[in-house]
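K.L.:
Give me a 3D structure for the following:
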Amino acid sequence: MPSIILNNSLNLRVLSLKDNKIWSCKGSLKGGLRVEYFDKSGWTCIQLSTNLLYGFPNLKTLKASGSLLGQGFVNTANAGSFLSETLRIRDLNLSSNKITTIPKGFFMHQFEHLSSLNMSHNNLTIFPKFHSTVKTLNLIDLTFNSITHFVDTDIDQIEKLGEVDLLLKGNPFQCSCKTLQFLKWLSKSKRILDILDVKCVTDTASRTFMFEIISDLKQFEISCRTKFWLPFAVSLTSIIIFAMILIVIFFRYKYAFEYFLLRLKMNMKNYKDLRQEYTYDAFISYSHADVEWVKRFHDKLSSMGFELCLDAKDFIAGNSIAENVINAIDSSRKVIFIITHNFLKSNWGSYEIEMTRMHAFQKGRKDMVIIVVKDEIEVNEMPHVMKEMWFKIICIQ
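P.N.:
Numbering: from 1, shown residues only. Model prediction:
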């Protein structure tokens, strides 16, 4: 559309060009200085000029329904200034324009007289943003758009507009726990004129009237809390049970875990697997409370030509006790446990038995254990792991 000049139009107040076959809104209309009512409904505004209405500075009513402005806004740079020269506008109808997104700044002008806005039958998903000076709006028609709910900023915007009423039916509102704040606002607000006709989709994908939800909102809120806490409680319980199972497994097999961790650590330190080449004939495991007896036992065997490993003389300074124990077991053909009442009370004694059992299992050396029972001790007094090994070991009393 080229620029059109309205001649002899000083007395022209109403201009209706509705449903004319105008295929473009590029260009401008000039000479409408006193025009207060302009109807351009039915135009094809795929192409749009931002100065189309510059010639109507006193425009109060604009009808632009069904003009494909949504596509025109997308195709036009700086489309937000389309109404920047019509600040006296009171009644604005932009319905049925396939508007998905309102151009940035479109309503951010000082429309101090705007009282009615019709944005129905579009594809809007959010509430429009208005300039802070807009206080005279009485009605906003947002029926049959694609709005699912209003977020907190939308609600704040509505409250700041003053005594504005809303029409909202035909939108796919969601009545779910995620939109609870929106539903709370609806239950208190008196702004929604068609609230009895507004429907929403619930979590079960069923459609219901909004007023049925907000009339019993307390129960709905309780159900939301239940929906939140039930999965949370189930998840927390599952985590606790899983953690308890891990703890039980760890304490049940803690020596196995420690053994393999020590093995890994020793491999990283490049400890060599001695296989059948042993440094010692035997490693003697005992309680330090029995050291005098063990020393005599050690000297007796040494005099017979046996090479024995004792912690006092053979453990490597600087290494942890656990590493020294594993290394001693590795380096010895046999492991001799001196079983006394003192030994049974010793934590390290139980540890060395477990490490030996792990080593024997991993290396296939089930005959490596020799038990010397020094005190009068019954089998049922032995550690659990030793009772499991009792019929597979050499026992000397």
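K.L.:
switch to C-alpha atoms for all contacts and neighbour counts from now on
P.N.:
Fine.
K.L.:
what about Asn97, how many neighbours?
P.N.:
By other Cα atoms under 10 Å, the residues close to Asn97 number 25.
K.L.:
let me fix that: Asn171
P.N.:
Per other Cα under 10 Å, the neighbour tally for Asn171 reads 23.
K.L.:
so who does it touch?
P.N.:
Asn171 is in contact with Thr143, Phe144, Asn145, Ser146, Ile147, Thr148, Val198, Lys199, Cys200, counting by Cα atoms under 8 Å, 6 or more residues apart in numbering.
K.L.:
Touching, the fourth one and Leu168? I think so.
P.N.:
Right, Ser146. No - because the distance of 10.3 Å does not satisfy Cα atoms under 8 Å, Ser146 is recorded as not touching Leu168.
K.L.:
Neighbour count: these two, which is higher?
P.N.:
Between Ser146 and Leu168, counted using other Cα under 10 Å, Leu168 has the larger neighbour count: 23 against 18.
K.L.:
Is the nearest residue in space to that one that is not next to it in sequence part of a helix or strand, or is it coil?
P.N.:
Spatially, and ignoring its direct neighbours in sequence, Leu168 is nearest to Thr143 (4.5 Å; Cα to Cα, 6 or more residues apart in numbering). Secondary structure for Thr143, judged by DSSP: H, G, I helix; E, B strand; the rest coil, is coil.
K.L.:
List the contacts of Thr143.
P.N.:
Thr143 neighbours (Cα under 8 Å, 6+ apart): Met119, Ser120, His121, Leu167, Leu168, Lys169, Gly170, Asn171.
K.L.:
mind listing the strands for the stretch 51-200 of the chain?
P.N.:
Read by DSSP state E, counting those that start in this stretch, the stretch 51-200 of the chain holds these strands, from start to end of the chain: 61-63, 91-93, 116-118, 139-141, 165-167, 173-175, 199-202.
K.L.:
swap that for the stretch 201-350 of the chain, please
P.N.:
Ranges of strands within the stretch 201-350 of the chain are 207-209, 280-285, 308-309, 332-339, based on DSSP E, counting those that start in this stretch.
K.L.:
quick one on the thing from earlier: quick check: which of the strands of the stretch 51-200 of the chain is buried the most?
P.N.:
strand 173-175 (a mean of 24; mean count of other Cα atoms under 10 Å).
K.L.:
Quote the end-to-end distance of stretch 306-322.
P.N.:
The first and final residues of stretch 306-322 sit 24 Å from each other (Cα to Cα, to the nearest Å).
K.L.:
now it, how far from the centre of its chain.
P.N.:
Stretch 306-322 has its C-alpha centroid displaced from the chain centroid by 53 Å (Cα atoms, centre = their mean, to the nearest Å).
K.L.:
And for stretch 61-76?
P.N.:
Distance, stretch centre to chain centre, for stretch 61-76: 40 Å (Cα atoms, centre = their mean).
K.L.:
cool, stretch 41-52 as well?
P.N.:
On Cα atoms, centre = their mean, the centre of stretch 41-52 falls 44 Å from that of its chain.
K.L.:
okay but Leu117 is in contact with Asp91, surely?
P.N.:
Yes - using Cα under 8 Å, Leu117 is in contact with Asp91, at 6.2 Å.
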